[in-house]
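Peer 1: Please work out how this folds:
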Amino acid sequence: MGRFSVYFRRKPVDIILQEAHTEATSEGHQGHLKRELNVKDLTAMGIAAVVGAGIFSTIGEAAYHGGPGISLLFVLTAITCGFSAMCYAEFAARIPVSGSAYTYAYASFGELIAWIIGWDLLMEYAIGNIAVSISWSGYFTNLLAGFHIQLPDYFTMDFLSAYRGYHAVLHELAAGHSLQSLPLQLQQAYHAWIDAPAIGPLKCIADLPALFVVVLITYLVYIGIKETKLATNLMVALKLAVIVGVIVLGFFYVQPANWSPFLPHGLGGVMKGVSAVFFAYIGFDAISTTAEECRNPQRDLPRGMILALLICTILYILVSLVLTGMVPFQELNVNDPLAFVFQRIGLTHISYLISISAVIATASVLLVFQMGQPRIWMSMSRDGLLPPAFARIHPKFGTPSFSTIITGIVVAVPALFMNLQEVTDLTSIGTLFAFVLVCGGILFLPEPSPEADAGKTAPAKRFKVPYVNGKYIVPALFITGLMVFRHFIIGLWQFDAAHPLSLGERLPYMLFILVALIITVFTYLKNWSLIPVLGFTSCLYLMTELGYTNWLRFLIWLVVGLVVYFTYSYKHSKLQQKHRTAGHPSHASH
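Peer 2: Numbers count the residues shown, from 1 in each chain. You can find the predicted model right below:
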């Protein structure tokens with residue numbers, strides 16, 4: 001046990017706070033972060049991160065599958081995120097440090113789990129930003145087209161989409177269809193491949209607008225938190241004005257007949273939109289990375305996070321009801337549903353306004369995520385798990401300079417060539433995994449010692465997840481779930497024509513049932529708090545809905561992370577080095 005326990009050494013909360021304070025007040029070459037943010041700024045950043053590609057694009061796909069009932073999924077997802085937000089809020093109040101879920105896991109589960117979640121967050125933010133920059137490119141290109149400015153197709157599309165589209169068109173042409181009869185996206189991909197300049201056999205096809213916006217946003221994040229704050233507040237004000245305008249104006253064009261049937265494909269159809277809808281909520285956790293730039297993080301971070309989530313949920317529910325009320329849900333499977341519905345009813349000038357707002361909205365999402373990732377790298381570097389350069393703070397701008405530049409490169413280069421569909425689900429599974437560990441972490445976080453609170457003013461005002469004993473409620477919910485879904489659960493162990501799911505597709509559900517059983521038993525035995533338990537199980541369930549392929553890709557990424565940990569991070573960990581020098585030679589021999 002001793003050999004493995006070194007990987008699960010927890011970092012005490014008071015040590016984390018002490019080190020962060022030392023870093024912030026040191027006058028060395030690294031400089032320090034600037035405290036500029038209040039509740040209003042944090043709420044704006046939360047809205048900036050959440051209200052983006054989800055409400056302007058993926059909401060259409062979700063409505064196509066689930067019909068008007070998709071509004072129920074927004075409520076369900078908001079409740080799930082609400083459980084997680086409360087857990088994030090307590091952590092942010094207890095540990096107001098820039099590392100977000102990575103630092104929280106270090107205090108709750110120990111170093112190895114902290115590394116895994118840190119590695120997972122790198123994927124979540126990088127892949128999420130690639131997706132957002134590709135979406136921004138699409139909106140920007142459409143906006144230019146509205147003003148009769150046409151960029152070449154081969155400079156507004158990724159290589160993979162052009163390659164696949166070209167071969168799909170060849171197949172359709174061979175079947176006797178004309179090029180003009182094919183969807184516009186396929187025509188664009190075909191022309192991009194045909195017209196693209198080539199270097200030998202290699203076609204020069206890249207998404208240049210995506211590159212442009214990443215470079216611009218990275219520069220803004222690099223030069224300072226104050227500039228980032230001002231840009232965020234301005235963009236949030238603009239996009240909220242447009243979204244409220246869409247809701248109010250759209251309300252007059254709603255035809256209640258379009259809301260019937262409310263669940264055209266049943267609950268299964270609604271649940272098909274899980275990935276798209278959850279993708280729309282990603283972001284409220286990103287503001288926890290700004291803890292060291294808040295004026296009063298223990299008070300303001302919880303308020304900002306929960307306020308942002310509440311505002312976004314109300315907007316999402318209203319927008320989904322207006323969209324499905326204005327046009328039949330069958331028509332909503334488009335990339336820009338908000339602009340589409342106003343074009344469909346003849347209000348083309350409103351559609352242009354929405355396109356401008358979409359460009360602003362997706363840029364603000366990119367801004368918050370590009371700000372979050374370098375701060376997680378910085379925290380991991382402070383602990384010795386990444387090279388020291390990642391913790392370097394710019395002496396003038398007060399930002400993690402090296403980490404910010406690397407983040408820009410990691411996002412900009414893949415955004416030139418990657419496909420949007422490949423990256424959305426991977427972002428969702430990474431975020432859900434972070435939520436699972438944060439909710440679980442609250443259950444294992446040691447209570448603050450009286451010494452830690454000594455000398456602090458009014459420690460009772462710190463946010464804490466309301467305690468509701470789950471001893472009997474969780475087992476009752478588990479047994480109810482088994483009864484309601486008994487046919488599906490029994491079918492997981494039956495391999496016949498009536499149950500066509502492959503073993504790979506069944507495994508996530510089997511894992512969920514097993515973990516839910518273990519959590520139920522421990523909740524009964526240890527009187528665990530209800531809200532973190534519900535957050536843990538609901539996020540884990542949403543992970544099972546993302547499919548075997550995404551689980552496989554996610555696990556491959558984590559395996560790569562473990563290789564990095566055992567070859568570099570474990571050897572350079574400051575916590576491990578401290579224990580070795582304190583007289584634990586047996587641990588140093590690993």
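
Peer 1: the strands in the stretch 201-350 of the chain, which residues?
Peer 2: Secondary structure of the stretch 201-350 of the chain (DSSP state E, counting those that start in this stretch): strands located at 202-203.

Peer 1: what about it, any weak spots by pLDDT?
Peer 2: By pLDDT under 70, the weakly predicted segments of the stretch 201-350 of the chain are 275, 335.

Peer 1: Apply 50 and report the result again.
Peer 2: Across the stretch 201-350 of the chain, nothing is flagged by pLDDT under 50.

Peer 1: Would you state the helices of it in chain order?
Peer 2: 208-223, 225-251, 266-271, 274-281, 297-326, 337-344, 348-382 (DSSP state H, counting those that start in this stretch).

Peer 1: Now render these as TSV, adding distance to Ala391 and mean neighbour count.
Peer 2: All C-beta atoms are positioned from the backbone trio N, CA, C, and that covers glycine. Shown next, in TSV, are the helices of the stretch 201-350 of the chain (distance: least, C-beta to C-beta, whole Å; neighbours: other C-beta atoms under 10 Å):
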stretch	distance to Ala391	mean neighbour count
helix 208-223	16	21
helix 225-251	17	18
helix 266-271	42	16
helix 274-281	30	26
helix 297-326	19	22
helix 337-344	41	22
helix 348-382	4	24
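
Peer 1: Same list (the ones you listed) but as TSV, adding distance to Ile149.
Peer 2: Supplementary listing: those in TSV, determined by distance: least, C-beta to C-beta, whole Å:
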stretch	distance to Ile149
helix 208-223	12
helix 225-251	22
helix 266-271	39
helix 274-281	29
helix 297-326	28
helix 337-344	17
helix 348-382	13
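
Peer 1: To Tyr7, which of the ones you listed lies closest?
Peer 2: helix 348-382 (15.7 Å; C-beta to C-beta).

Peer 1: Show me what the closest one is packed against.
Peer 2: helix 39-50, helix 53, helix 101-108, helix 111-146, helix 208-223, helix 225-251, helix 337-344, helix 401-417 (3 or more C-beta pairs under 8 Å, 6 or more residues apart in numbering; DSSP states H and E).

Peer 1: Save those helices as JSON lines, and put in distance to Met380 too.
Peer 2: Shown next, in JSON lines, are the helices and strands packed on helix 348-382 (distance: least, C-beta to C-beta, whole Å):
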{"stretch": "helix 39-50", "distance to Met380": "21"}
{"stretch": "helix 53", "distance to Met380": "27"}
{"stretch": "helix 101-108", "distance to Met380": "6"}
{"stretch": "helix 111-146", "distance to Met380": "5"}
{"stretch": "helix 208-223", "distance to Met380": "18"}
{"stretch": "helix 225-251", "distance to Met380": "20"}
{"stretch": "helix 337-344", "distance to Met380": "38"}
{"stretch": "helix 401-417", "distance to Met380": "10"}
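
Peer 1: Nearest to Val438, out of these?
Peer 2: Of all these, helix 101-108 comes closest under C-beta to C-beta, at 5.1 Å.

Peer 1: between that closest one and helix 111-146, how many degrees?
Peer 2: 160 degrees (axes from the mean of the first three to the mean of the last three C-alpha atoms, to 10 degrees).

Peer 1: pLDDT score for Arg580?
Peer 2: Per-residue confidence at Arg580 stands at 66 (pLDDT).

Peer 1: Just give me the neighbour total for the closest residue to Phe340 other than its chain neighbours.
Peer 2: Once flanking residues are discounted, Phe340 sits nearest to Val334: 4.8 Å by C-beta to C-beta, 6 or more residues apart in numbering. When neighbours are defined as other C-beta atoms under 10 Å, Val334 has 16 of them.

Peer 1: What of Asn527?
Peer 2: 12.

Peer 1: how much space between it and Pro475?
Peer 2: Separation of Asn527 from Pro475 (C-beta to C-beta, to the nearest Å) stands at 12 Å.

Peer 1: tell me the contacts of the closest residue to Val254 other than its chain neighbours?
Peer 2: Nearest residue to Val254, sequence neighbours excluded (C-beta to C-beta, 6+ apart): Gly325, at 3.5 Å. By C-beta atoms under 8 Å, 6 or more residues apart in numbering, the contact set of Gly325 is Pro68, Gly250, Tyr253, Val254, Gln255, Pro256, Asn258, Trp259.

Peer 1: Tell me the spacing between Gly325 and Ile15.
Peer 2: On the measure of C-beta to C-beta, Gly325 and Ile15 end up 55 Å apart.

Peer 1: Please apply the same query to Ile531.
Peer 2: Distance from Ile531 to Ile15, by C-beta to C-beta: 27 Å.

Peer 1: Please say which of the two ends up with more neighbours.
Peer 2: Neighbour comparison, Ile531 and Ile15: the larger count goes to Ile531, with 21 against 14 (by other C-beta under 10 Å).

Peer 1: so the more buried one touches Val468, yeah?
Peer 2: Yes - in this structure, Ile531 is within contact of Val468 by C-beta atoms under 8 Å, at 6.6 Å.

Peer 1: Tell me which of the helices and strands packed on helix 348-382 sits nearest to Asp496.
Peer 2: It is, among the helices and strands packed on helix 348-382 and with distance given as C-beta to C-beta, helix 111-146, at 36.7 Å.
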